[in-house]
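K.L.:
Need coordinates for the following:
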Amino acid sequence: MKLSCTDTRINSAVGLTALITTAGLDSVFIILSYVLIIKTVLSIASSEERKKAFNTCLSHIGAVAVFYIPLISLSFVHRFGKQAPPYVHTMIANAYLLIPPVMNPIIYSVKTKQIRRAVLKVLHPSAAKN
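P.N.:
Predicted coordinates for the structure are as follows:
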């Protein structure tokens with residue numbers, strides 16, 4: 001685009017608008033979905049079932065965050081990080097490609113009591129005895 005010797009601000013503005021619109025609409029729909037889910041979960045009579053439902057919601061929110069945070073970071077670094085060293089672009093791109101698939105099984109497996117106890121035992125041996 002630099003070789004065209006024209007003003008590329010319009011291209012940048014359109015790209016940024018597309019990014020914000022896409023991420024914004026996704027965020028609005030995700031938040032709306034979780035508001036409705038929380039409303040439904042709060043109407044559950046049993047506190048144990050409510051706790052299980054909220055635990056599942058937290059796992060989903062974690063998985064969504066693990067996907068969207070690197071994606072948005074990559075988009076902003078690509079769009080605004082022209083002066084950033086090349087290794088920054090490489091690191092962000094690798095984070096986007098590697099973090100979600102690595103973290104997804106961890107996020108969903110921590111819901112299992114046996115795995116949660118094992119992780120607590122490794123991280124904090126005195127807490128695992130409870």
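
K.L.:
all strands for this protein, in order.
P.N.:
Applying DSSP state E to the chain gives no strands.

K.L.:
so where is it shaky, pLDDT-wise?
P.N.:
1-4, 127-130 (pLDDT under 70).

K.L.:
Roughly how far does the residue most central in space within the chain sit from Lys121?
P.N.:
When Cα atoms, centre = their mean is applied to the chain, the residue found nearest the centroid is Ala65 (1.6 Å). With distances taken as Cβ to Cβ, to the nearest Å, Ala65 is found 26 Å from Lys121. All C-beta spots, glycine's among them, are computed from the backbone N, C-alpha and C.

K.L.:
ok, now His78?
P.N.:
41 Å.

K.L.:
and what of Glu49?
P.N.:
From Glu49 to Lys121 the distance is 28 Å (Cβ to Cβ).

K.L.:
What of Leu71?
P.N.:
Taken as Cβ to Cβ, the span from Leu71 to Lys121 is 34 Å.

K.L.:
next one: Leu16
P.N.:
For Leu16, the distance to Lys121 - Cβ to Cβ - is 47 Å.

K.L.:
Burial check on Asn55, number of neighbours?
P.N.:
11 (other Cβ atoms under 10 Å).

K.L.:
Which residues are in contact with the residue nearest to it when sequence neighbours are not counted?
P.N.:
Closest residue to Asn55 apart from its sequence neighbours, by Cβ to Cβ, 6 or more residues apart in numbering: Lys111 at 6.2 Å. Lys111 is in contact with 55-56, 59, counting by Cβ atoms under 8 Å, 6 or more residues apart in numbering.

K.L.:
and of those residues, the nearest to Tyr96?
P.N.:
Ser59 (20.7 Å; Cβ to Cβ).
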